[in-house]
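# What would the 3D arrangement of this be:
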Amino acid sequence: MISLYHRMSKAFSEQTTLLIYAAIIGVGGGYGAVGFRWLINQFTYLFFHRTQTELASYHGVRTLFVPIIGGLMVGLLVHFFAREAKGHGVPEVMYAITEKKGVIRPRIVVFKAVASAISIGSGGSVGREGPIVQIGSAWGSTFGRLLGIREQNLKILVACGAAAGIAATFNAPIGGALFAFEVILGNFSRTNVSAIVISSVLSAAIGRLYFGNMASFPIPNYHVSGIIILLFFAILGIVGGLYGAVYAKVLLFFENLWDKMNSLPEWLKPAFGGIIIGAVGFFFPQVLGVGYPSIEKALVNHIDLNMLVVLLILKLFLTSITIASGGSGGVFAPGLFMGAMLGGAVGIIFQNLFPGMDISEGVFAAVGMATVFAGSAHAPITAMVMLFEMTGNYQLILPLMLATVIATTVSMKLSRESIYTMKLMRRGFDIIRKRATDRLSSILVGEAIHPEKLTLQATITLEEAYVKFENSAEWFATVRDKEGKLLGSVSRAQVLEELQHQHGGNLITNILPKKMGHVSSNATLSEASQIMNQLGINYLLVDDETKNSIGVIGSSDIIRCYKE
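Numbering: from 1, shown residues only. A predicted model of the protein is given here:
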């Protein structure tokens, strides 16, 4: 395979070769989405003898124990075969691109598909987009590594797989590509566009071949016009943004809560989550599985206000339980579900307040879907375009654009982290900082601190210090007092210069800077560089959270990190 890559690279340009591989990823991602949906249907029928559509109205006793069985199966599968298959998948892909050079284990293609299909098929209140993003990305990573593709292009192929999965699943080729840019990669670099678009288009074409060329959520041709009605959608944007932020926070709260249950083995936790899922689902089966039938009802005004509110609250609770307890599935579809319920409820309230106006709660439900996704994912462009593609109604474009931008703005005021980055931040990985355009702003001082390999006591002379340097390969040394307190840093060149001026009998502390600067270990290299420039010095003492100096960061360390 590697020789094939080299031969193709010689026969075509690198860009052309990448496009060919992107096309292959798109075809594979499309068939992966088809196969994944088939797998979900098979497990749903195995557990309930129902389809996902029929599950939304199923009140049988199976609902009480099937989620427990499904949770146990998922827990064992994830714990013993692929820990990355736990949860909603998208953060793992983002982490792989940013920190692991695009490397995703091949086994994820199989185990994520099976674990998520079992979780959704047994009633888990999660979606299929997160798993298919991770499955498609793992396929892109595996294929690229088999061909020996360099790191930068491997990351692009991983994003191609993510775009392909979304495009085929929702018949949204533009939305799939935008999801890869805005959420997975975090940028719209021109070098990524062609490959990701080709992958998304081919995957969507395969999806249409099997699922039909129709909108995921076809709705009546609602007509939206007038400034006043747009003000109502602006209010919906505020409400949706607030709820999107709450969605992310509640999910994080339950994940922390379940992580503290140390008395339960990890593989058993999803089964205990299944007890709660089954109990709630027995009375409200609408919140089981992906929940699309209830979304469709909300879009055509077939759910009353009280039920909209009940389903809104229960879906938030059950999705959080499913993910936090260790289930496998996405958070995008539940966000759409809650957005439809929220928008529908807001629409009915406006109907009652302004009975003389032509207001349909269905159109508010459609726009509400975009606001909750935009608010939770901080991805306004993806949200507005995907909802336009998923509904096929151009009349929604103005309220979609207005409401999603407002929702994202409101949500970001409340929280810097999105529902995807929040999970990574919980692990101590700040992906927003890592993605910063200014590379020095993406590295913390604590990560670049100069290792303390040679230490000199403050009581020794310059001649003694030079002997220490001669017996060491180091060019720099830290200086500490008798109590071990860090005083500063000196270089071999400084000591040698003092010896040449006959100052060998002076103490080492004589050549330490009179003006000493300090910087926190949690500051960025960009901030450290600014402090050095302001003080006119070339190194700083690094302080920990207790204000104790723990090391030294020099201008040479900053230059080294920038080059790396």
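
# How is this structure partitioned into domains?
Structural domains annotated on the chain: 2-211, 227-434, 439-563, as defined by automatic domain parsing.

# Go through these and name the closest to Pro218.
domain 227-434 (6.2 Å; Cβ to Cβ). Where you see a C-beta, it was placed from the backbone N, CA and C, and this is true even at glycine.

# Show the end-to-end separation of that closest one, please.
One end of domain 227-434 sits 41 Å from the other (Cα to Cα, to the nearest Å).

# if you average pLDDT over that domain, what comes out?
Mean pLDDT, domain 227-434: 93.

# Would you pull up how far that domain lies from the middle of the chain?
Counting by Cα atoms, centre = their mean, to the nearest Å, domain 227-434 is centred 16 Å from the centre of its parent chain.

# same check, this time on stretch 93-104
With Cα atoms, centre = their mean, you get 11 Å for stretch 93-104.

# can you start the count at 53 instead of 1 from here on
Sure, I'll start numbering at 53, so the last one becomes stretch 145-156.

# what's the span of it, first residue to last?
End-to-end for stretch 145-156, by Cα to Cα: 8 Å.

# Kindly confirm my reading that Gly112 forms part of a strand.
No: using DSSP: H, G, I helix; E, B strand; the rest coil, the secondary structure at Gly112 is coil, not a strand.

# any idea how far the residue nearest to it when sequence neighbours are not counted lies from His111?
For Gly112, ignoring the flanking residues on the chain, the nearest one in space by Cβ to Cβ, 6 or more residues apart in numbering is Phe100 at 7.4 Å. Relative to His111, Phe100 is positioned 11 Å away (Cβ to Cβ, to the nearest Å).

# Name the residue in these two with the higher neighbour count.
Phe100 (22 against 11; other Cβ atoms under 10 Å).

# List the buried residues of the host helix or strand of Tyr147.
Using DSSP states H and E, Tyr147 sits within helix 142-151. Neighbour-count burial for helix 142-151, counted by 16 or more other Cβ atoms under 10 Å, picks out 142-150.

# Equivalent analysis for stretch 70-81, please.
For stretch 70-81, by 16+ other Cβ under 10 Å, it's 70-71, 73-81.

# Give me the mean pLDDT for that stretch.
93.

# how about the domains of the chain in CSV, adding distance to Ile271?
CSV is the format used below for the domains of the chain (distance: least, Cβ to Cβ, whole Å):
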stretch, distance to Ile271
domain 54-263, 14
domain 279-486, 5
domain 491-615, 42
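
# These: which one's closest to Phe269?
Of the domains of the chain, nearest to Phe269 by Cβ to Cβ is domain 279-486, at 5.2 Å.

# List of residues touching the strand or helix carrying Leu450?
Taking DSSP H and E as the criterion, Leu450 maps to helix 449-466. Identification of contacts with helix 449-466 by Cβ atoms under 8 Å, 6 or more residues apart in numbering yields 276, 281-282, 285-286, 288-290, 292-294, 296-297, 415, 419, 422-424, 426-428, 430-432, 435-436, 439-440.

# Now that helix - C-alpha only, CSV.
The C-alpha coordinates for helix 449-466 follow below in CSV (Å, rounded to 0.1, in the frame of the first residue of the first chain):
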residue,chain,number,x,y,z
ILE,A,449,-33.2,31.0,6.2
LEU,A,450,-33.7,34.5,7.7
PRO,A,451,-34.9,33.3,11.2
LEU,A,452,-32.3,30.6,11.2
MET,A,453,-29.4,33.0,10.5
LEU,A,454,-30.7,35.5,13.1
ALA,A,455,-31.5,33.0,15.9
THR,A,456,-28.4,30.8,15.6
VAL,A,457,-26.0,33.8,15.8
ILE,A,458,-27.8,35.2,18.8
ALA,A,459,-27.9,31.7,20.5
THR,A,460,-24.2,31.2,20.0
THR,A,461,-23.4,34.7,21.3
VAL,A,462,-25.5,34.2,24.4
SER,A,463,-24.1,30.7,25.1
MET,A,464,-20.5,31.8,24.7
LYS,A,465,-21.1,34.7,27.1
LEU,A,466,-22.1,32.1,29.7
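
# what's downstream of it, the next helix or strand?
Next helix or strand after helix 449-466 toward the C-terminus (DSSP H and E): helix 473-478.

# related to what we said a few turns ago, out of the domains of the chain, nearest to Pro272?
Nearest of the domains of the chain (Cβ to Cβ): domain 279-486, 6.8 Å.

# where does the residue of the chain positioned farthest from its centre land in three-state SS?
Distance from the centre of the chain peaks at Gln554, with 60.6 Å (Cα atoms, centre = their mean). Judged by three-state DSSP, the three-state class of Gln554 is coil.

# so Gly81 sits right up against Gln186, yeah?
No: with contact defined as Cβ atoms under 8 Å, Gly81 does not reach Gln186; the gap is 11.5 Å.

# roughly how far is the helix holding Tyr147 from the heart of the chain?
Worked out by Cα atoms, centre = their mean, helix 142-151 lies 7 Å from the chain centre.

# show me the contacts for the closest residue to Glu504 other than its chain neighbours.
Distance criterion Cβ to Cβ, 6+ apart; nearest residue to Glu504, sequence neighbours excluded, is Thr530 at 5.2 Å. Applying Cβ under 8 Å, 6+ apart, we find Thr530 in contact with 504, 506-508, 538, 540-541, 603-604.

# now those residues as CSV including pLDDT, secondary structure and neighbour count?
Formatted as CSV, these follow (pLDDT from 0 to 100; DSSP: H, G, I helix; E, B strand; the rest coil; neighbours: other Cβ atoms under 10 Å):
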residue, pLDDT, secondary structure, neighbour count
Glu504, 76, coil, 16
Leu506, 83, coil, 18
Thr507, 83, strand, 12
Leu508, 86, strand, 20
Leu538, 84, strand, 19
Gly540, 81, strand, 20
Ser541, 81, strand, 23
Gly603, 79, strand, 20
Val604, 81, strand, 21
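
# between the buried residues of helix 142-151, which is closest to Ile218?
Using Cβ to Cβ, those come closest to Ile218 at Val142, 10.2 Å.

# follow-up on the earlier one: the residue farthest from the centre of the chain and Leu514, how far apart?
Taken as Cβ to Cβ, the span from Gln554 to Leu514 is 10 Å.

# other SSEs contacting the longest helix along the chain?
The residue-count maximum for a helix in the chain (DSSP state H) belongs to helix 66-100. Applying 3 or more Cβ pairs under 8 Å, 6 or more residues apart in numbering; DSSP states H and E, one finds that helix 66-100 makes contact with helix 54-63, helix 104-107, helix 114-133, helix 159-173, helix 181-198, helix 203-222, helix 242-263.

# Please tell me I have it right and Gly188 contacts Thr221.
No: counting by Cβ under 8 Å, Gly188 stays clear of Thr221, with 9.4 Å between them.

# shared neighbours, those two?
Ala85.

# The two - which one has more neighbours?
Gly188 (36 against 31).

# what does the model give the more buried one for pLDDT?
Gly188 carries a pLDDT score of 92 in this model.

# Next, work out how far apart it and Met146 are.
Distance, Gly188 to Met146, by Cβ to Cβ: 14 Å.
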